[in-house]
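Q: The following comprises the amino acid sequence and a computationally predicted model.
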Amino acid sequence: MSLAPTPTARSRAPLFVLCWLCLMADGYDLLAYGATLPSLIGQPPFSLTVEQGGHIGSLALAGMLAGSLVAGTLTDVVGRRRIFISSVALFSAGTLVTGLAPTLEVFVVFRTLTCVGVGGLLPTAVALASEFAHPRNRSRTLGLVLTGPPLGMLLASSVASQVVPVHGFRPVYVAGGAVLLLVPVLVKLQPESPAFHAARGRHELAAALRSRYGLPPEQVPATAPGAAGGRNPLRSLLSGRDRWPTLLIWGTTFFSLLTVFGISTWLPQVMARSGYGLGSSIVLLGVYCTGAVVGTLAASAVADRVGPKPLVLTGYLTAAAALLAISLRPPTPLLVVLVLLAGFGGLGTQNVLNDLVSRYYPAAHRASGLGWALGVGRLGAIVGPTFGAWAVAGDEPLSATTTAFAATALAGALVVLFVPAQRRAPEGPAVAAAGPREPLSATGGAS
């Protein structure tokens, strides 16, 4: 069977662009708090302390944990399209209200709700992009889509560096709410996942949708857990041969997100306390995001040939080495290069790790696998800001913070060594989805 798309296949490019735009907005919202934190600590209207800043960052990331776990549990039950669109609507509306918050309590509540939406979007978007990507260039396609979060973070850094010193934090959040305009477009254009239809027993509908987008038939094991959509997704992830790989994936994601969110939250504050101006400190956060974009593109191009696991390991080690070198207070030109490498090995590594996870799990459980991996990993994201606050509060914040997060990167490298590069072949016969027999609507349902 040829894997080439049919000449009449509908273009998948709009789907990838929509995922990319939403993930870009996701990244913008992720970085908004870290980019605006220096203007919130000790400044009106909220005059936060360092400890409060860390606790708010961790509390908001608890919302992200909730969003990831909800997505991981429900996306294979109610459909990826619904979770995707609901997540975008929630985090964009939450960001808008956060920027207009009249009190600290309102700010914290809506920042937390924003992160619930952010947590639900990433695993669902990665699962959709991975499923609609052609198998022979899946890593490159997913890598391009996953440049969205670091580019969004770079945009947040750029906006904050220009706006915060003059106008404060509010415009940064209000601008993020503009993504609400994408929701009607998603309702009209975003299709449902063929794997979701197949898992619910709608094989003809799944095959028709795959044919429409020029994808080869999905080979589904006849004895696959949850093939009929009746098995608990979490139980499937933790049963049989998947139990230990799943736990290892959760462990390495924990250390990855602890490092990423600790650095992205505290880098501007640490650099500002180390003698850099507020604007320059936020710009360095942009350099970190640029490194993530470059790292994601470079690693995804190689991953289609060697697999993502060696690149995840390389990224962890690169981040650790760069952070340790930053602790020595290098001159500014070298500092910029090291921050770039830290971004390559930090957020860039997380993007490649998402590729590793999406490759490991079969399509029917890919969104659940990603959702739970990122959900458990969010525990690391929750710990990261508070862990960083402890390091920042010391007499040598730059050295203490970078050394602490170099250690967490090394821990992630150690765990990923034991993660299988791929899933063992399933037992039982494989069956291809049946051929198309009915037309589809634009959203993947019957016309």
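A: Perfect, thanks for sending it. Predicted model, so just to flag it, every value in this text is computed and none were measured. Residues are numbered from 1 along each chain as shown.
Q: State the number of residues packed around the closest residue in space to Arg111 that isn't next to it in sequence.
A: Nearest residue to Arg111, sequence neighbours excluded (Cβ to Cβ, 6 or more residues apart in numbering): Ala60, at 4.6 Å. C-beta here means a position set from N, CA and C on the backbone, and glycine is covered the same way. Neighbour count for Ala60, taken as other Cβ atoms under 10 Å: 29.
Q: Can you tell me which helices and strands the helix or strand where Ala60 lies packs against?
A: Element membership of Ala60, judged by DSSP states H and E, is helix 50-78. Other helices and strands packing on helix 50-78, by 3 or more Cβ pairs under 8 Å, 6 or more residues apart in numbering; DSSP states H and E, are helix 13-40, helix 80-100, helix 104-132, helix 194-199, helix 233-237, helix 243-273, helix 366-392.
Q: can you list the weak-confidence ranges in the protein?
A: Across the chain, the stretches falling below the confidence threshold (pLDDT under 70) are 1-10, 218-232, 276-281, 394-395, 424-447.
Q: measure the residue most central in space within it to Ile41 for me?
A: Relative to the mean C-alpha position of the chain, the nearest C-alpha, by Cα atoms, centre = their mean, is the one of Leu122, at 4.6 Å. In this structure, Leu122 and Ile41 are 28 Å apart, going by Cβ to Cβ, to the nearest Å.
Q: these two touch, right, the residue nearest to the centre of the chain and Gly377?
A: No: judged on Cβ atoms under 8 Å, Leu122 makes no contact with Gly377 at a distance of 10.3 Å.
Q: can you tell me which residues contact the closest residue to Leu417 other than its chain neighbours?
A: Of all residues beyond its chain neighbours, the one nearest Leu417 is Leu313 (6.8 Å), with distances taken as Cβ to Cβ, 6+ apart. Under the criterion of Cβ atoms under 8 Å, 6 or more residues apart in numbering, the contact partners of Leu313 comprise 413, 416-417.
Q: do that again at 10 Å, thanks
A: Residues in contact with Leu313, defined by Cβ atoms under 10 Å, 6 or more residues apart in numbering, are 252, 349, 352, 412-414, 416-417, 419.
Q: coming back round to it: looking at the helices and strands packed on helix 50-78, which is nearest to Ala407?
A: Ala407 lies closest, by Cβ to Cβ, to one member of those: helix 243-273, at 9.2 Å.
Q: Give the residues shared as contacts by Leu122 and Gly377.
A: Common neighbours of Leu122 and Gly377 (criterion: Cβ under 10 Å, 6+ apart): 64, 68, 350.
Q: What subset of these is buried?
A: With neighbours counted using 16 or more other Cβ atoms under 10 Å, the shared contacts of Leu122 and Gly377 contain these buried positions: 64, 68, 350.
Q: and Thr103, how many neighbours does it have?
A: Thr103 is surrounded by 10 other residues when neighbours are defined as other Cβ under 10 Å.
Q: Ala400 versus that one, what's the distance?
A: The span separating Thr103 from Ala400 equals 33 Å under the rule Cβ to Cβ.
Q: again with Met153
A: Taking Cβ to Cβ as the measure, Met153 falls 24 Å from Ala400.
Q: Likewise for Ala175?
A: Counting by Cβ to Cβ, the separation of Ala175 from Ala400 is 33 Å.
Q: Surely the residue nearest to the centre of the chain and Val88 touch.
A: No: in this structure, Leu122 is not within contact of Val88 by Cβ atoms under 10 Å, at 11.3 Å.
Q: Need the overlap of contacts for those two.
A: Any residue near both Leu122 and Val88 by Cβ under 10 Å, 6+ apart counts here, and that gives 22-23, 26.
Q: Relative to Pro245, how far out is Ser239?
A: Separation of Ser239 from Pro245 (Cβ to Cβ): 12 Å.
Q: Please say which of those two ends up with more neighbours.
A: For the pair Ser239 and Pro245, the greater number of neighbours falls to Pro245 (20 against 13), based on other Cβ under 10 Å.
Q: So that one sits against Val416, correct?
A: No: the pair Pro245 and Val416 does not pass the contact test of Cβ under 10 Å, sitting 11.4 Å apart.
Q: from the middle of its chain, how far away would the strand or helix carrying Leu313 be?
A: When secondary structure is defined using DSSP H and E, the element that contains Leu313 is helix 309-326. Helix 309-326 has its average C-alpha position 19 Å from the chain's average C-alpha position, going by Cα atoms, centre = their mean, to the nearest Å.
Q: for stretch 397-408, same thing?
A: How far stretch 397-408 lies from its chain's middle: 23 Å, per Cα atoms, centre = their mean.
Q: again, but for stretch 103-111
A: Counting by Cα atoms, centre = their mean, stretch 103-111 comes out at 24 Å from the chain centroid.
Q: Buried ones in that stretch, by neighbour count?
A: Of the residues in stretch 103-111, those scored as buried under the neighbour-count criterion (16+ other Cβ under 10 Å) are 107-111.
Q: Equivalent analysis for stretch 123-143, please.
A: Neighbour counts using 16+ other Cβ under 10 Å place 123-134, 138-143 of stretch 123-143 among the buried residues.
Q: how about the CA coordinates for that stretch, as PDB?
A: The C-alpha coordinates for stretch 123-143 follow below in PDB (Å, rounded to 0.1, in the frame of the first residue of the first chain):
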ATOM      1  CA  PRO A 123      -1.900  17.100  24.800                       C
ATOM      2  CA  THR A 124      -5.000  17.400  22.600                       C
ATOM      3  CA  ALA A 125      -3.300  19.500  20.000                       C
ATOM      4  CA  VAL A 126      -0.200  17.200  19.900                       C
ATOM      5  CA  ALA A 127      -2.400  14.100  19.600                       C
ATOM      6  CA  LEU A 128      -4.400  15.700  16.700                       C
ATOM      7  CA  ALA A 129      -1.300  17.000  14.900                       C
ATOM      8  CA  SER A 130       0.400  13.700  15.300                       C
ATOM      9  CA  GLU A 131      -2.600  11.700  14.000                       C
ATOM     10  CA  PHE A 132      -3.100  13.900  10.900                       C
ATOM     11  CA  ALA A 133       0.600  14.000  10.100                       C
ATOM     12  CA  HIS A 134       1.800  11.600   7.500                       C
ATOM     13  CA  PRO A 135       3.800   8.700   9.100                       C
ATOM     14  CA  ARG A 136       7.000   9.300   7.100                       C
ATOM     15  CA  ASN A 137       7.400  12.900   8.300                       C
ATOM     16  CA  ARG A 138       5.500  12.900  11.500                       C
ATOM     17  CA  SER A 139       8.300  14.200  13.700                       C
ATOM     18  CA  ARG A 140       9.000  17.100  11.300                       C
ATOM     19  CA  THR A 141       5.300  18.000  11.100                       C
ATOM     20  CA  LEU A 142       4.900  17.800  14.900                       C
ATOM     21  CA  GLY A 143       8.100  19.800  15.300                       C
END
